[in-house]
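Novice: Have a look at this fold, sequence not included:
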């Protein structure tokens, strides 16, 4: 046992190295984020989600023709089988969208299973390409009780999502905002959902099981669910004048304010700078300007009172809202982006596998006598 | 950081304490296993799976009337909704049974979701009671293309499984064998699937997500899948005379022999003693006696050559085989049993929650220049 006292006290494996990885550097030193060595600023300035997914999965930047082929492949893999559509129709209209994705992915694994004849990269690409289709097929079907057409002409995944959701080609600035958001959310080292996917993979289970586990973990408000909770908070404040008092009130009641702080970064989240700038540029209406003002006031109070900074989730909530995305779809968008990171980690775990199996510190009752327990019963 | 050199080297979190628990003591000292302080011998000698599940979930042995009520509750919760039946019908006949359970559980979470109005214990009981129904509804439907009747009169889960599977009331010795096997498989501390369920729970996600993750992790041959692999090995040996040479041949080719050794126990698996005795008593035919003989020869070779002992999976394979259970159903039976343990850990994790989020040791490329990478492209 290599357990230290500190380890036991800390809990949640905080600071514990669970394995080697060459996918992502979430650097506490320069408080920056790198995918395969490329900074998040370079990726959001110059790249696309598709190129980033290629980089994460294949380990290098695609040449122009490789990127073109990859875009075509993802586009080709968007449509979903008819039996999966039937399952999506059977999922109730009021279901959680995360449950829709978890179930859709799990069912896809029964009709297109991984086997010795399949290529893991193909399955990864299939999942990345088809998750938006599952989600929006289910949503459009139940919203309007009509059969959605998934075969629309959009080159990027970001454009495809917005076009399907709104039934028309998106504005270029919205398409780019979602594209950048997908890059920012694509990967983040051994976070809870990625670590879940790796733990499942470590038993040599299949790709779909690992992704379903990732979706399940991301569903929780302490992980992916935070962007939805951030939006709910911003919206429950009537106007900027009330923002400070409202936030202070939450803090005095010891309520969690979602979208702040991070287990790895200590001073700021490098992704927040990127998404906040985009959010600011998207503001068109007085209402939007007010929401942004409220968000900035919450940010200031959280820093002044708790020395906590907004993480990616906080301003992503506003970005999605300004792009016309309904709040319950925020975490599902996170899933779509992170599926690229999960897939990269699944491949890496397989390449150097060791079963992930910690131990517990037993604090329960010592040996109980059966006959005595049963005597006390009567 | 509390990381030690040894930790980094070991990998897979071996020996790392990931949290406190009062559910199960998997003792390396006396090489024994205790659920809530009761030894596995006492439980398999005196208890039933239902009583054990109650103990794991509620933390104490039920009084006679409590046990009676609990049995009735589990029986009442067996039947599954018609939309879930339709989904099971849509899953192909050749699908993995583990994928059937993962998908069935995920779908159930969309129609009977956890919310602030539901009781977590009720959801746990619902899942434990309905997993066998999902599995056997799917199997019977596809085997005979008929609509299965799930409402049969069997008091125990073990009897229900065997009765549904074989279409007639089981022999008492088979019912008891499966009952004991369910007790033995019900719980085992922070194994990979339980740890997966706890990691998912630690984000404050829902019950179904955590169970789906557990199923996905158990699916792998380094975890639950081992009992199926053990049976395949025993069956591929034509007769006892060939068993020694065959096993030595596998070892010389450095192939993994499944069902041997354990991350926690070092000398023997206390559960093996229990299940091996039962297997021996089930032998009726010459063929069965031969299979048992083959298994014992493999056991001897593995000890002589590698000092590895058979774990629970090895003789459980024969137990299931002798009860007329098809091999692809072995790991699903493990799921049904372990769902009780997972549920207990989900409740415990929630009661003292801390996000499970380790870190990785980055070994990838250092900062890459975007412009340079792109120049090299052309």
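Specialist: Thanks, I have it. This one's a predicted model, so the numbers in the text were calculated from it and none came from an experiment. Numbers count the residues shown, from 1 in each chain, chains lettered A, B, ... in the order given.
Novice: For the residue most central in space within chain A, which non-adjacent residue is closest in space?
Specialist: The centroid of chain A falls nearest to residue A:334 when counting by CA atoms, centre = their mean (3.1 Å). Leaving aside its chain neighbours, residue A:334 sits nearest to residue A:224 (4.5 Å; criterion: CB to CB, 6 or more residues apart in numbering or on different chains). Yep, even glycine has a C-beta here, placed from its N, CA and C like the rest.
Novice: how about that neighbour, what does it touch?
Specialist: Shown in contact with residue A:224 (CB atoms under 8 Å, 6 or more residues apart in numbering or on different chains): A:98, A:193, A:218, A:331, A:334-335, A:338, B:203.
Novice: With respect to residue B:139, which of the residues you listed is nearest?
Specialist: Residue B:139 has its nearest neighbour among the contacts of residue A:224 in residue A:98, at 28.8 Å by CB to CB.
Novice: which non-adjacent residue is nearest that closest one?
Specialist: Nearest non-adjacent residue to residue A:98, counting by CB to CB, 6+ apart: residue A:219, 4.2 Å away.
Novice: Could you do residue A:152 as well?
Specialist: Distances taken as CB to CB, 6+ apart put residue A:163 closest to residue A:152, at 5.6 Å, once the chain neighbours are dropped.
Novice: How about residue A:18?
Specialist: Closest to residue A:18 by CB to CB, 6+ apart is residue B:358, at 3.7 Å.
Novice: Quick check: residues of the stretch 201-350 of chain A near chain B?
Specialist: Contact residues (CB under 8 Å from any CB of the partner chain) of the stretch 201-350 of chain A with chain B: A:201-206, A:208-210, A:212-213, A:215-225, A:263-264.
Novice: Of the residues you listed, grab the buried ones for PyMOL.
Specialist: The buried residues among these can be selected in PyMOL (16 or more other CB atoms under 10 Å in any protein chain shown) with this line:
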select buried, chain A and resi 201+202+203+204+205+206+208+209+210+212+213+215+216+217+218+219+220+221+222+223+224+225+263+264
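Novice: Now, the residues of the stretch 201-350 of chain A next to chain B that are in strands?
Specialist: Among these, no member falls in strands (criterion: DSSP state E).
Novice: Check the offset of stretch A:111-131 from the chain's centre.
Specialist: 20 Å (CA atoms, centre = their mean, to the nearest Å).
Novice: Actually, stretch A:86-106.
Specialist: That offset, for stretch A:86-106, works out to 17 Å (CA atoms, centre = their mean).
Novice: And it, what's buried?
Specialist: Under 16+ other CB under 10 Å, the buried positions of stretch A:86-106 are A:87-88, A:90-91, A:95-106.
Novice: Check stretch A:12-28 too.
Specialist: Going by 16+ other CB under 10 Å, stretch A:12-28 has these buried residues: A:12-19, A:21-27.
Novice: For it, measure first residue to last.
Specialist: End-to-end distance for stretch A:12-28: 18 Å, by CA to CA, to the nearest Å.
Novice: from the chain's centre, how far out does it sit?
Specialist: Centroid separation for stretch A:12-28 versus its chain: 17 Å, with CA atoms, centre = their mean.
Novice: which residues in chain A form strands?
Specialist: A:17-21, A:24-27, A:32-35, A:38-39, A:359-362.
Novice: pLDDT on the last one, on average?
Specialist: The average pLDDT for strand A:359-362 rounds to 93.
Novice: so what secondary structure elements neighbour that strand?
Specialist: Counting contacts by 3 or more CB pairs under 8 Å, 6 or more residues apart in numbering or on different chains; DSSP states H and E, strand A:359-362 packs against strand B:17-21, strand B:24-27.
Novice: Could you do the longest one as well?
Specialist: Strand A:17-21 sits against helix A:192-201, helix A:330-351, helix B:5-10, strand B:359-362, with contacts defined as 3+ CB pairs under 8 Å, 6+ apart.
Novice: Packed most tightly, which of those would that be?
Specialist: Among the helices and strands packed on strand A:17-21, helix A:192-201 has the highest mean neighbour count (mean count of other CB atoms under 10 Å in any protein chain shown), at a mean of 31.
Novice: Determine the angle, from 0 to 180 degrees, between that helix and helix A:330-351.
Specialist: On the basis of axes from the mean of the first three to the mean of the last three CA atoms, to 10 degrees, helix A:192-201 is oriented at 40 degrees to helix A:330-351.
Novice: out of the helices and strands packed on strand A:359-362, nearest to residue B:142?
Specialist: Ranking those by distance to residue B:142, with CB to CB as the measure, places strand B:24-27 first at 35.9 Å.
Novice: strands paired with the closest one, and their directions?
Specialist: Counting by DSSP bridges, the strands paired with strand B:24-27 are strand B:32-35 (antiparallel).
Novice: now the lengthiest helix in chain A: mean pLDDT?
Specialist: The longest helix of chain A (DSSP state H) is helix A:120-144. For helix A:120-144, the mean per-residue pLDDT is 97.
Novice: Same list (the helices and strands packed on strand A:359-362) but as a markdown table, adding mean pLDDT and distance to residue B:234.
Specialist: Shown next, in a markdown table, are these (pLDDT from 0 to 100; distance: least, CB to CB, whole Å):
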| stretch | mean pLDDT | distance to residue B:234 |
| --- | --- | --- |
| strand B:17-21 | 95 | 34 |
| strand B:24-27 | 91 | 26 |
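Novice: hang on, residue A:189 packs against residue B:358?
Specialist: No - Residue A:189 sits out of contact with residue B:358 when judged by CB atoms under 8 Å, with a separation of 9.4 Å.
Novice: give me the low-pLDDT residue ranges for the stretch 101-250 of chain A?
Specialist: Residues of the stretch 101-250 of chain A meeting the criterion pLDDT under 70: A:145.
Novice: Isn't residue A:223 up against residue A:193?
Specialist: Yes - Residue A:223 is within contact range of residue A:193, at 6.1 Å (criterion: CB under 8 Å).
Novice: thinking again about what came up before, can you add distance to residue A:176 and give the helices and strands packed on strand A:359-362 back as JSON lines?
Specialist: Below are these laid out as JSON lines (distance: least, CB to CB, whole Å):
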{"stretch": "strand B:17-21", "distance to residue A:176": "41"}
{"stretch": "strand B:24-27", "distance to residue A:176": "51"}
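Novice: Can you pick out the most distant pair from the buried residues of stretch A:12-28?
Specialist: It's A:12 and A:22 that sit farthest apart of the buried residues of stretch A:12-28, by CB to CB, at 24.4 Å.
Novice: which bits of the stretch 51-200 of chain A sit near chain B?
Specialist: Counting by CB under 8 Å from any CB, the stretch 51-200 of chain A sits next to chain B at A:61, A:63-64, A:83, A:86-87, A:90-92, A:95-96, A:98-100, A:102-103, A:106-107, A:109-111, A:113, A:189-193, A:195-196, A:199-200.
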